[in-house]
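1. what follows is a protein structure lacking sequence information:
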Ligand SMILES: C[S@@+](CC[C@H](N)C(=O)[O-])C[C@H]1O[C@@H](n2cnc3c(N)ncnc32)[C@H](O)[C@@H]1O
């Protein structure tokens, strides 16, 4: 369990660090913030002038719990603009998404509703407001239990011409603990990465 989490966390940290080293600026967003496993790392990686948006339907007390965790974990001198929004991502109009984010997205993690239509919708939404050098990571690509996600990703790439698949972060634990992540990037990010 820990190993899989660490691999994905290490890969996402490497992406965020590379962007920081290359002074890529923008907002950060996650669809499906859940209990914050990925979102908290994103919030910690954001620079003071960057906003971080987490969207989730947040059932039960999840929103309050994550808000409390963020307050406890984020250093008070780190004035990252962190915002959690309780809503169905597939119902967010593009203009509202752009308003919520402010600056175009430099990094997004898509991990919300796992149906084909929702993944397609989330990819179109995220790709509507991307920084020139943006990276979008999609969870559970090629997951045996969620073939709809893979179908949504393939259709999403067809409908998000500014994104191309560039890498995978392989699953390293049992299926129950999650799947492979697909890393997509804008052409400029792909060419600039690691330089
Ligand atoms: C697999 S969990 C996300 C895990 C999280 N990204 C992480 O790294 O730990 C999926 C999340 O998507 C949320 N979700 C499901 N359908 C959604 C929708 N239509 N809009 C927004 N969030 C949704 C669920 O409430 C759940 O918290």
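-> Yes, it's here. A quick note: this is a predicted structure, and the numbers were derived from the prediction, not measured. Numbering: from 1, shown residues only.
2. and the contacts of the helix or strand of the chain with the lowest mean pLDDT?
-> Ranking every helix and strand in the chain by mean pLDDT, DSSP states H and E puts helix 187-192 at the bottom, with a mean of 82. By C-beta atoms under 8 Å, 6 or more residues apart in numbering, the list of residues contacting helix 187-192 from outside reads 19, 22, 24, 132, 133, 134, 135, 162, 164, 166. Bear in mind the C-beta positions are built from the backbone N, C-alpha and C, glycine included.
3. now stretch 130-138
-> Outside of stretch 130-138, the residues within contact range by C-beta under 8 Å, 6+ apart are 12, 15, 19, 22, 24-26, 103-111, 119, 123, 126-127, 149, 153, 156, 162-163, 169, 181-186, 188-189, 192.
4. buried among these? Make that a PyMOL selection.
-> Only the buried members of the contacts of stretch 130-138 enter the following PyMOL selection, criterion being 16 or more other C-beta atoms under 10 Å:
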select buried, resi 12+15+19+24+26+103+104+105+106+107+108+109+110+111+119+123+126+127+149+153+156+163+169+181+182+183+184+185+186+189+192
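5. secondary structure and distance to residue 75 added to the contacts of helix 187-192, as JSON lines?
-> Conversion of those to JSON lines gives the following (DSSP: H, G, I helix; E, B strand; the rest coil; distance: C-beta to C-beta, whole Å):
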{"residue": "19", "secondary structure": "helix", "distance to residue 75": "20"}
{"residue": "22", "secondary structure": "coil", "distance to residue 75": "24"}
{"residue": "24", "secondary structure": "coil", "distance to residue 75": "22"}
{"residue": "132", "secondary structure": "strand", "distance to residue 75": "29"}
{"residue": "133", "secondary structure": "strand", "distance to residue 75": "26"}
{"residue": "134", "secondary structure": "strand", "distance to residue 75": "26"}
{"residue": "135", "secondary structure": "strand", "distance to residue 75": "24"}
{"residue": "162", "secondary structure": "coil", "distance to residue 75": "34"}
{"residue": "164", "secondary structure": "strand", "distance to residue 75": "36"}
{"residue": "166", "secondary structure": "strand", "distance to residue 75": "32"}
